[in-house]
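> Got a sequence here, can you build the structure:
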Amino acid sequence: MGGVAIFAAIFAIWYNHVKTHRVNSCWGPDAVHLLVHAPHVEFLGLGDAFNTPVDKNIPTDKANVQVLTRTSISHAKGLTHLRHALRQDVSYCWDTCVVKNPNWSHGMQFIDGDQKLTLVFDLQIGALQTLESRITLQLTEKMARGIETYFQEISVNVATGLPLNES
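Numbering: from 1, shown residues only. Here you go, the predicted structure:
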């Protein structure tokens with residue numbers, strides 16, 4: 001019985017490594033740890049200088065982008081699944097990594113004390129960038145549409161005043 005448990009543990013470690021090694025090596029262990037374990041997560045609505053910001057600009061590879069809305073989603077329904085999906089290699093197109101002229105419209109910040117991971121998204125072209133490392137990745141079409149749906153649901157709940165932990 002103990003041998004089966006040890007085998008299962010080794011298999012689980014190997015399986016997790018195979019499914020996440022590209023993301024881990026691309027973003028680094030600190031960023032991945034924040035993605036998975038940060039106790040505070042915020043949803044950011046981003047825009048340009050023609051809107052009234054609620055927060056300071058955040059620098060991207062393109063230019064500074066205004067934070068128009070900032071909402072805590074730390075306990076939002078589905079966040080655990082989104083964290084898991086963002087960590088999986090299968091969520092990204094590794095062979096087609098050319099992302100041109102992104103228009104960052106949404107963001108997420110994963111915060112643990114003074115450590116922060118900021119992701120910005122252009123879901124029209126399926127791009128994601130980590131601001132701390134300036135790494136831009138191409139999302140798969142399925143992943144981009146899933147994130148778009150999740151962000152729309154969050155935006156509707158915020159606009160209507162519905163709690164984020166209930167549907």
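
> First-to-last residue distance for stretch 33-43?
When the termini of stretch 33-43 are compared using C-alpha to C-alpha, to the nearest Å, they are 18 Å apart.

> Only the buried residues of it, if you could.
By 16 or more other C-beta atoms under 10 Å, the buried positions in stretch 33-43 come out as 33, 34, 35, 38, 41, 42, 43. Bear in mind the C-beta positions are built from the backbone N, C-alpha and C, glycine included.

> can you map out the helices along this protein?
For the chain, the helices defined by DSSP state H cover 2-27, 29-37, 79-87, 141-160.

> Who is the residue nearest the centre of the chain paired with across the strands?
Nearest to the geometric centre of the chain sits residue 119, at 5.3 Å (C-alpha atoms, centre = their mean). Beta-bridge pairing for residue 119 (DSSP bridges): residue 108, residue 130.

> can you check residue 44 too?
Beta-bridge pairing for residue 44 (DSSP bridges): residue 70, residue 107.

> hang on, it packs against residue 73?
No. At 10.0 Å, residue 44 does not count as touching residue 73 under the criterion of C-beta atoms under 8 Å.

> Are there residues contacting both of those two? Which ones?
Counting by C-beta atoms under 8 Å, 6 or more residues apart in numbering, the shared contacts of residue 44 and residue 73 are residue 108.

> which stretches of this protein have low pLDDT?
Flagging of the chain using pLDDT under 70 yields the residue ranges 1, 4-21, 48-64, 96-99, 165-167.

> show me what contacts the closest residue to residue 124 other than its chain neighbours?
The shortest distance from residue 124 to any non-neighbouring residue, by C-beta to C-beta, 6 or more residues apart in numbering, is to residue 103 (6.9 Å). The neighbours of residue 103, taking C-beta under 8 Å, 6+ apart as the test, are 122, 124, 125.
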